[in-house]
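Participant: Task: produce atomic coordinates for the following.
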Amino acid sequence: MSASDSHKKRFHGGCHCGAVRFEVKAPKDFSAVSCNCSICAMTGYLHLIVPASDFRLTKGDKQLITYSFNTGVAKHHFCGVCGIKSFYVPRSNPDGFSVNVRCLEGVEGRHAVESFDGQNWEANAASLKHLSDEDQG
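Facilitator: Numbers count the residues shown, from 1 in each chain. Model (predicted):
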């Protein structure tokens, strides 16, 4: 276990119908990111970005439908049964995952929310890069 793991907690989450389930290790007191880009604004997505090693899909691989647009880097994964996007591979952090805080169990209203200007993505993307670093604490 690395030094940063002692500051992390395992959270469980998934889609609305339960066909897709995952677990994620994240700081116990994380800040969610609210983005104003077109897809995040329309879906009300609240981001928690983690390294790929801190994310594990536990159920529903065959239920996932992937949507990609613009540069094709981001891989938006939706449950093919209920349509919920509970996690995806973000363009800003293609080496990690973004999980929707609203799809995590037991975290409602307990974490700070920071704003990200996704409408001006190119100018602001670098501010998110550190979130999928393995050694973040």
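
Participant: What residues does the residue most central in space within the chain make contact with?
Facilitator: Residue closest to the average C-alpha location in the chain (CA atoms, centre = their mean): residue 98, at 1.7 Å. Residue 98 is in contact with 45, 47, 48, 49, 50, 87, 88, 89, 90, counting by CB atoms under 8 Å, 6 or more residues apart in numbering. Where C-beta positions appear, they are placed from N, C-alpha and C, glycine not excepted.

Participant: What spatial separation is found between residue 55 and residue 36?
Facilitator: Going from residue 55 to residue 36 by CB to CB, to the nearest Å gives 24 Å.

Participant: Between those two, which has more neighbouring residues?
Facilitator: Here residue 55 and residue 36 are compared on neighbour count by other CB atoms under 10 Å; more neighbours surround residue 55, at 21 against 13.

Participant: in what helix or strand does the closest residue to that one other than its chain neighbours lie?
Facilitator: Closest residue in space to residue 55, ignoring its immediate chain neighbours: residue 97 at 4.2 Å, by CB to CB, 6 or more residues apart in numbering. Using DSSP states H and E, residue 97 sits in strand 96-100.
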